[in-house]
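> coords please:
(2 chains)
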2 protein chains.
Amino acid sequence: MKQPGSPDRDPSLPAQAWNRGIQSGGPPLRERLERLIRLASQLPSMPHLEEHNTLESPLSPSLKAAVMAIGGAEDKVGERSILKTFFNRAGAADARVAIIPSASREPEIIGQIYHQIFEEMGAKSIDILDIRNRRESEDPRMQERLEDCTGAFMTGGDQLRLCALIAETPLALQIQKRVRSGQLVLAGTSAGAAVMGYNMISGGASGEPPNRGLVDLGTGLGIIPEVIVDQHFHNRNRMARLMSAVAAFPERIGIGIDEDTCAVFEGDGTLQVVGKGTVTVVDPGEVSYNSRAQVGEQDPLSICNLKVHILSQGGRYSLYKRAVLQQII
Amino acid sequence: MKQPGSPDRDPSLPAQAWNRGIQSGGPPLRERLERLIRLASQLPSMPHLEEHNTLESPLSPSLKAAVMAIGGAEDKVGERSILKTFFNRAGAADARVAIIPSASREPEIIGQIYHQIFEEMGAKSIDILDIRNRRESEDPRMQERLEDCTGAFMTGGDQLRLCALIAETPLALQIQKRVRSGQLVLAGTSAGAAVMGYNMISGGASGEPPNRGLVDLGTGLGIIPEVIVDQHFHNRNRMARLMSAVAAFPERIGIGIDEDTCAVFEGDGTLQVVGKGTVTVVDPGEVSYNSRAQVGEQDPLSICNLKVHILSQGGRYSLYKRAVLQQII
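Take a look at the predicted model:
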């Protein structure tokens, strides 16, 4: 069943085709923007595409429930502090959890792993939304299954696959709306974290200076449109790729999240660090020079006046103020 | 022959023993500092150890000739733009070049490679100072060989080995003095670049968040005491280790140099980028919080308000002003 305003795209198209639009020139980009703007006009909670400087403006619109972006490889067998934080924020013994394993090519296995974890913790109910094609995300029965949930957990895998299956579907819009109205705590790990921004890092490399070709960029779910999330961050040496992404979208804030580490975004525009590693904030808000528009695909970039914060457990940062909120140990 | 004020250390001691002093507590550190301060009082051009904030102060003292810190793997067979820059700055057809291959465990081979390159370019004279033990650095005949040179080139290898062989010897002090009086252009690649600062990165790892254990720190030649140099920078994913080093010495400026890239330091306190990659400046001058003193060896660090500049070919940065000097393409 086709939803009004939903893309005309064949859901069987490979994820690459779906995501390359925003980066390439010509009609596909224009068409895509027009389609997004049409969608945005229908749904007040979509990111405002025409706004390019969020330095002074608050999150648009505010979250009410927490969003947890996890850098992958979170502890699943020990103290499980990050997964427990999600469980508790979703209501603890009253938590009704939906697991979305669709980023993974092994959704059954990964779904069962998280099912067992949340069952052991004592969740009231657990439902695995094993979405394998886009039509399932458009099926009203899927929305019914999500409607009563207090927490949704997106697993790791491939962020392009996840977006190809759910981005801009009624299910994705329902998730967004329920998070923003304070009804649903949303967590995502690895690929599930990468999709949180509007601009998304879909792939890339390391071992090179920042350059346009070092990072593949696509479009995420836009849950927190202000940020570009990278994950497995210091573990996989992704600083140069996040800087390359931020050079491409200097109105965003780069958020690099280490393994077994979580950036918990709150409704007041702050993020707080939970876990063993660090969250790195790459803020281009005061960048005085960025050569990206003048250089070739493989040329090294020049970027002057990036502000970088390395935050560990307990560290807090305000997306509104673009500042670290308190000293942490 | 023992020089007045020179260390009493057995030159056969392994490099590790020589370099760990500054990081460990107790008598060795105090003794070492006292010895350095004695030396400094004898030689006005030594770095002032008691100064911990160089934010407002100029380079102490100024260079007169250029110092070229090369990130390793510079082009030796194609355009050789970096090596040609060195050759030209050293006087071109009038260049009298000294090659110091002592960082390498294959000094003969590496010495011959550079000998051939500078011979092909047309240097007036080339001398390989193949120093294999500390006494050779203290031998007045070695100083005589350096006395007429217009350029000195330190090869790659192990920076600990290079410092163990020449740091604080009359030869090293002669190099420093002649660079500062404008008589000698000094270049170093890879390990030869790492020794340029007073605080030196002697080893470390990648793939982790910044932490105290990620970087091994020692003492370099102090040619440009204000900086901590890292090399093979983005190529070997060394951002986190440079940030860890800068957290240890927040009065310094971190300079990360990519392969086939050179930071040319001039007498006016500026550096300019030559080559294919980038020079990354990590400036902790406005850091508002640094958890290094409170955390364990392997704990992730928190560092707030680092300023980072990525500069490519032609980019210029002032160590005095702590600012990028002009826009570059």
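
> Please make it C-alpha for all contacts and neighbour counts, starting now.
OK.

> how much space is there between the most far-flung residue of chain A relative to its centre and B:Q231?
Going by Cα atoms, centre = their mean, the residue of chain A most distant from its centre is A:Q294, 28.9 Å out. Counting by Cα to Cα, to the nearest Å, the separation of A:Q294 from B:Q231 is 26 Å.

> now do A:D158
Counting by Cα to Cα - A:D158 and B:Q231 are separated by 33 Å.

> the more surrounded of those two?
Applying other Cα atoms under 10 Å in any protein chain shown to A:D158 and B:Q231 shows that B:Q231 carries more neighbours, namely 30 against 21.

> Could you report the neighbour count for the residue of the stretch 1-150 of chain A found nearest chain B?
Nearest residue of the stretch 1-150 of chain A to chain B, counting by Cα to the nearest Cα: A:G71, 12.3 Å away. Residue crowding around A:G71 was assessed by other Cα under 10 Å; the count is 33.

> right, and it touches A:H232 too?
Yes - proximity of A:G71 to A:H232 meets the contact threshold set by Cα atoms under 8 Å, at 5.1 Å.

> which residues are common contacts for those two?
Listed as contacting both A:G71 and A:H232 by Cα atoms under 8 Å, 6 or more residues apart in numbering or on different chains are A:190, A:256-259.

> near chain B too, which of those residues?
Restricting these to those touching chain B (Cα under 8 Å from any Cα of the partner chain) yields A:D258.

> Looking at the shared contacts of A:G71 and A:H232, which are in helices?
Among the shared contacts of A:G71 and A:H232, no member falls in helices (DSSP state H).

> Okay, now the unreliable bits of the stretch 201-329 of chain A?
Low-confidence segments of the stretch 201-329 of chain A (pLDDT under 70): A:327-329.

> Which residues of it lie near chain B?
A:206-209, A:234-237, A:239-240, A:258, A:276-278, A:289, A:291, A:294-295, A:300-312, A:324, A:327-329.

> Make a PyMOL selection of the buried ones in those.
In PyMOL, a selection of the buried entries from those looks like this (16 or more other Cα atoms under 10 Å in any protein chain shown):
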select buried, chain A and resi 206+207+208+209+234+235+236+237+239+240+258+276+277+278+289+291+300+301+302+303+304+305+306+307+308+309+310+311+312+324+327+328+329
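
> so A:G254 touches A:D283, yeah?
Yes - counting by Cα under 8 Å, A:D283 is a contact partner of A:G254 at 6.3 Å.

> Output the shared contacts of A:G71 and A:H232 in a markdown table, with distance to B:R134 appended to each entry.
Listed next are the shared contacts of A:G71 and A:H232 as a markdown table, based on distance: Cα to Cα, whole Å:
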| residue | distance to B:R134 |
| --- | --- |
| A:S190 | 52 |
| A:G256 | 46 |
| A:I257 | 47 |
| A:D258 | 44 |
| A:E259 | 46 |
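
> and which of the shared contacts of A:G71 and A:H232 is nearest chain B?
A:D258 (7.4 Å).

> tell me the contacts of that closest one?
A:70-72, A:231-235, A:277-279, B:209.

> Can you tell me how far it is from A:I126?
27 Å.

> and what of A:R89?
15 Å.

> cool, A:D216 as well?
Here the criterion is Cα to Cα. By it, A:D216 lies 34 Å from A:I126.

> swap in A:A245?
Distance from A:A245 to A:I126, by Cα to Cα: 36 Å.

> out of the two, which sits in the busier spot?
Between A:A245 and A:I126, counted using other Cα under 10 Å, A:A245 has the larger neighbour count: 29 against 20.

> Contact partners for that one?
Counted by Cα under 8 Å, 6+ apart, A:A245 has contacts A:201, A:212, A:215, A:217, A:228, A:254.

> Using CSV, write out every CA atom in whichever strand or helix holds it.
A:A245 is part of helix A:239-248 when elements are defined by DSSP states H and E. Taking Å, rounded to 0.1, in the frame of the first residue of the first chain, the C-alpha atoms of helix A:239-248 are listed here in CSV:
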residue,chain,number,x,y,z
MET,A,239,38.7,11.2,13.3
ALA,A,240,39.8,12.2,9.8
ARG,A,241,36.6,10.8,8.3
LEU,A,242,34.4,12.7,10.8
MET,A,243,36.4,15.9,10.1
SER,A,244,35.8,15.2,6.4
ALA,A,245,32.1,14.8,7.0
VAL,A,246,31.9,18.0,9.0
ALA,A,247,33.8,19.9,6.3
ALA,A,248,31.0,18.8,3.9
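
> tell me the angle it makes with helix B:239-248.
90 degrees (axes from the mean of the first three to the mean of the last three Cα atoms, to 10 degrees).

> Ranking by neighbours, what's the top pick from the contacts of A:A245?
The residue in these with the most neighbours, by other Cα under 10 Å, is A:I228 (29 neighbours).

> which residues touch that one?
A:194, A:196-201, A:245-246, A:252-255.

> So what are the sheet partners of the longest strand that chain A contains and their directions?
The single longest strand within chain A, with elements called by DSSP state E, is strand A:303-312. Counting by DSSP bridges, the strands paired with strand A:303-312 are strand A:278-283 (antiparallel), strand A:289-290 (antiparallel), strand B:303-312 (antiparallel).
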